[in-house]
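Q: everything below, folded, please.
(chains A and B)
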There are 2 protein chains.
Amino acid sequence: LDQESISGMQKRLDAKIKPLRSLGVLEDISQQLAGIQRTSQPEIKGKAVLLMAGDHGVVAEGVSAAPQEITAQMFYSYLNGEAGINVLARNSGAKVICTDIGIALPLDPPELMANRVKNGTGNIAHGPAMTKQEALLALLTGAKVAAEAIDSGINLLATGEVGIGNTTPSAALISAFTGHTVEEVTGRGTGLKDDALKHKQDVIKLAIRVNEPDLADPLDTLAKIGGLEIAALAGAILEAAYQHVPIILDGIISTAAALTAAQIAPLSALYMISSHNSEEQGHRIALKQLGLKPRLDFNMRLGEGTGAALMFPMVEAALKIADEMATFESAGVSTGDF
Amino acid sequence: LDQESISGMQKRLDAKIKPLRSLGVLEDISQQLAGIQRTSQPEIKGKAVLLMAGDHGVVAEGVSAAPQEITAQMFYSYLNGEAGINVLARNSGAKVICTDIGIALPLDPPELMANRVKNGTGNIAHGPAMTKQEALLALLTGAKVAAEAIDSGINLLATGEVGIGNTTPSAALISAFTGHTVEEVTGRGTGLKDDALKHKQDVIKLAIRVNEPDLADPLDTLAKIGGLEIAALAGAILEAAYQHVPIILDGIISTAAALTAAQIAPLSALYMISSHNSEEQGHRIALKQLGLKPRLDFNMRLGEGTGAALMFPMVEAALKIADEMATFESAGVSTGDF
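A: Numbering: from 1, shown residues only, chains lettered A, B, ... in the order given. From the prediction side, this is the model:
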């Protein structure tokens, strides 16, 4: 990030009529955006949630309480603008850009499947989720979707996803990349009971044992125990960083993708903005490894980018503080020894 | 709160295309608003921050790093719409309603002082902050300001304040009403160093010892160790509850006022919505006693209602989920065993 722009922003904020640093994370975000956009006067011109959809062969192991057909059904809801993420994105003036990167069922019309890499991943309990080539293609497709959004004038992105069963590969990736045990990073997804949680943990351990991912090779790990939408999000994050665009992370799946991106290019973490504290326990562990802390505590576990979307108004508020607030000098307020 | 309306809202939310309860606190807020407004279709018609300004005689003890004249200077900034709270309120379409309830210095024009009860409180280290009559007048004035806002069509309020030195009486009230030690509830205000923090704690202990507040009588306690703007906020909260209007709490001073209100009328806590986790350590303790948890973790310590204002878009998002999201039936999505 550009240090001169960060200092320039800090100077602007320190002149405002408030105790130094008293707006905390809002000031941190303003500085981060200054560093990313390489100007002490960063601006948000357009906002979008990149929502990647993919299915998971591992649902055959009974790791999810919800049937796989929901991924495709929900995809239509996103296109119709009627799902949770659509409501929350609209509420903050953001677009939702949906991509079928690997739904299992066919979509109608077929053009909706233009970016699909394959019809869902393989069952990671028995073999790899996908080949390395497929993982790379999903990653590049995610990067392409992000690049198109940025080309259209959007300069604040957020990650979102849908994919029944995708907390399972996410937990597998987080365990692999952080070194935490499977138990520590595995949650109840969309509502598992105790026995089912234990089963899910066993499946994740099996997936790691069967596939023997090469942890020194993030693409190998992603291909073996990851998912198509996770790969696409990792690609979108890398593209955002490459193009100097900040990207807000949603919950555990998005953060597994972010961890993957940071394994490939560690500096990409500097372009990430955290949002909520998902109910999924692996989430906070993954955020910590990225040097991030959750900022919203809303007990949410829907996915889709809903937690990230709640962060849009916060980022805008941060820049408005820098742009609209008076200075001690302009307002004639005493500075004192704050 | 009206249980039938809460159930009606829960039914609406449970029909939406998402796992049950997966939007967490957004769903809690929707239900709370339904119960408060006594309809399963609550609406937000107008939003405002009630910003109460008052000074504190205890600044003579050197408990604040900032000079007292800042209270009056900042008051003009609020009126000019150029302070932090103005920026954040504007960013979410809310008004800022400022009231001089007890600034020490004169204001110009004199009409600005129309609601002033007295020119700042007495020094609580030596005697009472105010008389019981003054505390009651400040409380009723706060209630009047809230009632006027509600009459003008506003049905979502937030608390804000300014008053150099006011974390000192706030900590005193929180210690008195929660039974926690002064050390546990006292923070660094707008930037005290270690020695100064210890001194502040000693002053608070002295204030409690000198004044011997009758803890069974919240008005007596408020008068002896509280503040004018704290009293006004307590009155505004009680009026909001009385008129079935939800009110968002800001940081430690607002929450000290909320604790006071709940001592007077315990059910008023049902009308409160928490916002951020202030840097001031007594804040979380006070929230807990009110049955609330902070929802935003932004390391903020500015006051003015800035943390509360960040919660406006969240409350609106909560109601939009209920109003705009599709149901399983309307969208043709399978329900499964979530």
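Q: what's the neighbour count on A:Gln3?
A: Neighbour count of A:Gln3, defined by other CB atoms under 10 Å in any protein chain shown: 9. From N, CA and C alone the C-beta is placed, and that goes for glycine too.
Q: cool, and A:Leu156?
A: If you count neighbours by other CB under 10 Å, A:Leu156 ends up with 25.
Q: in the sheet, who's paired with it?
A: A:Lys47 (DSSP bridges).
Q: okay, how far is it across stretch A:44-61, tip to tip?
A: Stretch A:44-61 has an end-to-end distance of 44 Å (CA to CA, to the nearest Å).
Q: quick one: mean pLDDT for it?
A: Here stretch A:44-61 scores 98 as its mean pLDDT.
Q: list the buried residues in that stretch.
A: A:44, A:47-59, A:61 (16 or more other CB atoms under 10 Å in any protein chain shown).
Q: who's in contact with the residue of the stretch 201-338 of chain A found nearest chain B?
A: Nearest to chain B, among the residues of the stretch 201-338 of chain A, is A:Asn299, at 3.1 Å (CB to the nearest CB). Shown in contact with A:Asn299 (CB atoms under 8 Å, 6 or more residues apart in numbering or on different chains): A:Glu279, B:Gly24, B:Val25.
Q: mind putting the residues you listed in TSV, secondary structure and distance to B:Gln3 included?
A: Shown next, in TSV, are the contacts of A:Asn299 (DSSP: H, G, I helix; E, B strand; the rest coil; distance: CB to CB, whole Å):
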residue	secondary structure	distance to B:Gln3
A:Glu279	coil	26
B:Gly24	helix	21
B:Val25	helix	20
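Q: then whatever helix or strand A:Gln263 lives in to PDB, C-alphas only?
A: Remark: A:Gln263 resides in helix A:252-264, with elements defined by DSSP states H and E. What follows is helix A:252-264, C-alpha atoms only, in PDB (Å, rounded to 0.1, in the frame of the first residue of the first chain):
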ATOM      1  CA  ILE A 252     -16.200 -18.800   6.600                       C
ATOM      2  CA  ILE A 253     -16.300 -19.800   2.900                       C
ATOM      3  CA  SER A 254     -15.200 -16.300   1.700                       C
ATOM      4  CA  THR A 255     -12.500 -16.300   4.400                       C
ATOM      5  CA  ALA A 256     -11.300 -19.800   3.300                       C
ATOM      6  CA  ALA A 257     -11.000 -18.300  -0.200                       C
ATOM      7  CA  ALA A 258      -9.100 -15.300   1.300                       C
ATOM      8  CA  LEU A 259      -6.700 -17.600   3.100                       C
ATOM      9  CA  THR A 260      -6.100 -19.400  -0.200                       C
ATOM     10  CA  ALA A 261      -5.500 -16.200  -2.000                       C
ATOM     11  CA  ALA A 262      -3.000 -15.100   0.800                       C
ATOM     12  CA  GLN A 263      -1.200 -18.400   0.500                       C
ATOM     13  CA  ILE A 264      -0.700 -17.600  -3.200                       C
END
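Q: so is it next to chain B?
A: No. Using CB under 8 Å from any CB of the partner chain, helix A:252-264 stays clear of chain B, coming no nearer than 13.0 Å.
Q: please pull up the helix or strand immediately following that helix.
A: With elements assigned by DSSP H and E, the helix or strand that comes after helix A:252-264 is strand A:272-273.
Q: and the residue of the stretch 1-150 of chain A found nearest chain B, how many neighbours?
A: Proximity of the stretch 1-150 of chain A to chain B (CB to the nearest CB) peaks at A:Gly24, 3.1 Å away. For A:Gly24, the neighbour count with other CB under 10 Å is 20.
Q: would the host helix or strand of A:Leu206 count as contacting chain B?
A: Using DSSP H and E, A:Leu206 maps to helix A:194-211. No. Helix A:194-211 lies out of reach of chain B by CB under 8 Å from any CB, never closer than 10.2 Å.
Q: what's in contact with that helix?
A: For helix A:194-211, contacts defined as CB under 8 Å, 6+ apart pick out A:58, A:61-63, A:65, A:124-128, A:168-169, A:171-172, A:175-176, A:182-183, A:186-189, A:192, A:224-225.
Q: tell me which helix or strand comes right after it.
A: Next helix or strand after helix A:194-211 toward the C-terminus (DSSP H and E): helix A:218-225.
Q: which parts of the helix or strand just after that following helix are buried?
A: Following helix A:218-225 in sequence order, the next helix or strand is helix A:228-242 (DSSP H and E). Residues of helix A:228-242 classed as buried: A:228-241 (neighbour count, 16+ other CB under 10 Å).
Q: other SSEs contacting helix A:228-242?
A: Helices and strands touching helix A:228-242, as assessed by 3 or more CB pairs under 8 Å, 6 or more residues apart in numbering or on different chains; DSSP states H and E, comprise strand A:47-54, strand A:95-102, helix A:132-151, strand A:156-162, helix A:167-178, helix A:218-225, strand A:247-248, helix A:252-264.
Q: now the second one against helix A:228-242, angle please.
A: Here strand A:95-102 points in a direction 130 degrees away from that of helix A:228-242 (axes from the mean of the first three to the mean of the last three CA atoms, to 10 degrees).
Q: gap between strand A:95-102 and the chain center?
A: Put simply, strand A:95-102 sits 13 Å off its chain's centre (CA atoms, centre = their mean, to the nearest Å).
Q: same deal with the first one?
A: Centroid separation between strand A:47-54 and its chain, computed with CA atoms, centre = their mean, is 9 Å.
Q: next one: the fourth one
A: Distance, stretch centre to chain centre, for strand A:156-162: 6 Å (CA atoms, centre = their mean).
Q: helices or strands next to it in the packing?
A: Helices and strands touching strand A:156-162, by 3+ CB pairs under 8 Å, 6+ apart, are strand A:47-54, helix A:69-79, helix A:132-151, helix A:228-242, strand A:247-248, helix A:252-264, helix A:306-309, helix A:312-324.
Q: pLDDT on that strand, on average?
A: 98.
Q: pick the one among the buried residues of helix A:228-242 closest to B:Asn86.
A: Ranked by distance to B:Asn86 (CB to CB), the buried residues of helix A:228-242 are led by A:Ala240 at 32.1 Å.
Q: let me know whether the closest one touches A:Leu270 as I believe.
A: No. Contact criterion CB atoms under 8 Å: A:Ala240 and A:Leu270 do not qualify, at 11.0 Å.
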